[in-house]
Every structure is written in C-alpha cells, then in structure tokens.
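Q: When you get a sec, could you give me coordinates for this:
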Amino acid sequence: MGMSRERKVQYFERTRRLFEEYQRILFVTADNVGSYQMQQIRAAVRKDSVILMGKNTMIRKAVAGLVKEKPELEVILPLCTGNTGLVFTRGDLAEVRGAIASNKVPAAARAGTFAQCDVVIPPGPTGMEPTMTSFFQALNIPTKINKGQIEIQSEVKILVEGQRVGNSEVALLQKLD
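A: Next up is the predicted model:
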C-alpha cells in the first residue's frame, strides 16, 4: 500500500522547505542500518541538522521539481539509488559527518547481503569438536584435528568485499564467533 496523495504533497512541501532553509547538504546511504541506530543518529545531529529519508522515486521527484529554481541540485538525481537520504545542516559538514560516523556499529554478516569488507579466518584452533570437520571440508578450508579439536591449517579468505554472503559463510562465522 503506497502513500496517500495528501502525504506525498506534504513530503514534497517539506523537501522544498528544507532545500530553501538549509545551505549545506550531506548525501548518505543507510544500508544495513536498523531503526534504533537511525534514531540515535537523528538524536546526535538534531541540534543543527534534519535527516530526510524516503523512497528514491519520491526524493528524485521532489528534487526534479526544484531543479528549475536551483539547477545545481541536478547532481543529486543520479545518486538516488539504494537506501539513501539527505542530511540538511546549518553546522559544519565535517562535524555532522563525524556525528553520523560515530554511530556506526559493526554488525554480523547476513545471508543475501553483500560483504562490506574482506573477512579472513586466521590459522589456529577453533575450539570445535572433530565431528564438524565435514562443515569445513564443504567450504574447502584446510583443517586438522589437534588435541581433540579442529585446527585451521592456513589463513583463509572467506569473504571478499562486494561478494554476496551465503548461508554457509554466515553459519561458519557464527560458529567461530
């Protein structure tokens, strides 16, 4: 169920007002950001900034309507892909960016998402029982059994940045955590 026409009009009016009121804008992506984390970010920048989130088509349509008055906004249009938003601020851009970045928290990999960074498993004992060796064999991870537990023989790069995370990688990372 989509937004009602009245709510869309309010959204466009709010967007227009924000572009008129604020001179500085940060463009942010909010992939893998939970609602509680977003709430903390909003609270951290509340004193001099406003965060505008919304559907890409809504943001694009609102900005496209303002391009006639402010042609410099045209650069924003191609950036509206994925889970994005705009941070309007009167403060220093570096400080606002720092406040947003300070709320960044590490999160466990989830199946179906893309890896945010390379994940390397170092060699050494895992603390897992020898019955789990088939799990490592399925992922082509060289292991041996030493003192009643599985030991990884060499460093293994399990995820590469930008690669889609699979169920088996998630399961392994949870077991090793």
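
Q: can we go C-alpha only for contacts and neighbour counts from here?
A: Noted.

Q: now the farthest one out in the protein, which residue is it?
A: The C-alpha centroid of the chain is most remote from Lys147, which lies 40.8 Å away (Cα atoms, centre = their mean).

Q: Distance of the closest residue to Asn103 other than its chain neighbours relative to Glu151?
A: With sequence-adjacent residues excluded and distances taken as Cα to Cα, 6 or more residues apart in numbering, Asn103 is closest to Ile41, at 6.3 Å. Distance of Ile41 to Glu151, computed by Cα to Cα, to the nearest Å: 41 Å.

Q: ok, now Glu69?
A: Counting by Cα to Cα - Glu69 and Glu151 are separated by 65 Å.

Q: just for this protein, where's the confidence low?
A: Confidence mapping of the chain against pLDDT under 70 gives the ranges 1-3.

Q: can you give me the strands for it?
A: 24-29, 49-53, 84-89, 119-121, 124-125, 143-146, 149-152, 156-159 (DSSP state E).

Q: before we move on, back to that, give me the neighbour count for the residue nearest to Asn103.
A: Applying other Cα atoms under 10 Å, we find 19 residues neighbouring Ile41.

Q: Enumerate every residue touching it.
A: Ala99, Ile100, Asn103 (Cα atoms under 8 Å, 6 or more residues apart in numbering).
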